[in-house]
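J.: here is the input, now give the coordinates:
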Amino acid sequence: MGLRLNPERARAAAGFDYFSIGVPDKDAIDQLAARLTGLGEQHAGVHWASIGWILPELHDPDGHEVRFYTLQHHTEPDPDAVTVINDPRETSERHERTVASQP
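T.: Numbers count the residues shown, from 1 in each chain. A predicted model of the protein is given here:
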């Protein structure tokens, strides 16, 4: 990893997610989200993702997104097929609406 001081380039790259960090499981990512909230850090909360769970929209001081994903999966990919996710946000939102509408 190389770190360079170049504020103009840092601003131009704001919004990109250069770092994706794995956490063990759903409980750990929930605890991390609560800890970040307690520290006053803005994020989008924990969401069901294509294979596991994600904690998106946490940003470093330059505006780069840092994402956390669980290593634990709620879905096992088919080893004989290619998993294609066209729109992960749409997939997550559809899943969360379905779960919320169930009794």
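
J.: what does the host helix or strand of residue 98 contact?
T.: Remark: residue 98 resides in helix 88-101, with elements defined by DSSP states H and E. The set of residues external to helix 88-101 that reach it, using CB atoms under 8 Å, 6 or more residues apart in numbering, is 47-50, 54, 85. C-beta coordinates here come from the backbone N, C-alpha and C atoms, glycine included.

J.: can you point out the buried residues in it?
T.: Applying a neighbour-count criterion of 16 or more other CB atoms under 10 Å, one finds residue 92 buried in helix 88-101.

J.: run the chain-centre distance for that helix.
T.: Helix 88-101 has its C-alpha centroid displaced from the chain centroid by 15 Å (CA atoms, centre = their mean, to the nearest Å).

J.: ok, and the closest non-adjacent residue to residue 58?
T.: What sits nearest to residue 58 in space, not counting adjacent residues and going by CB to CB, 6 or more residues apart in numbering, is residue 43, at 4.2 Å.

J.: what kind of secondary structure is that neighbour in?
T.: Under DSSP: H, G, I helix; E, B strand; the rest coil, the three-state class of residue 43 is coil.

J.: give me the buried entries from the contacts of helix 88-101.
T.: Applying 16+ other CB under 10 Å to those flags 47-50, 54 as buried.
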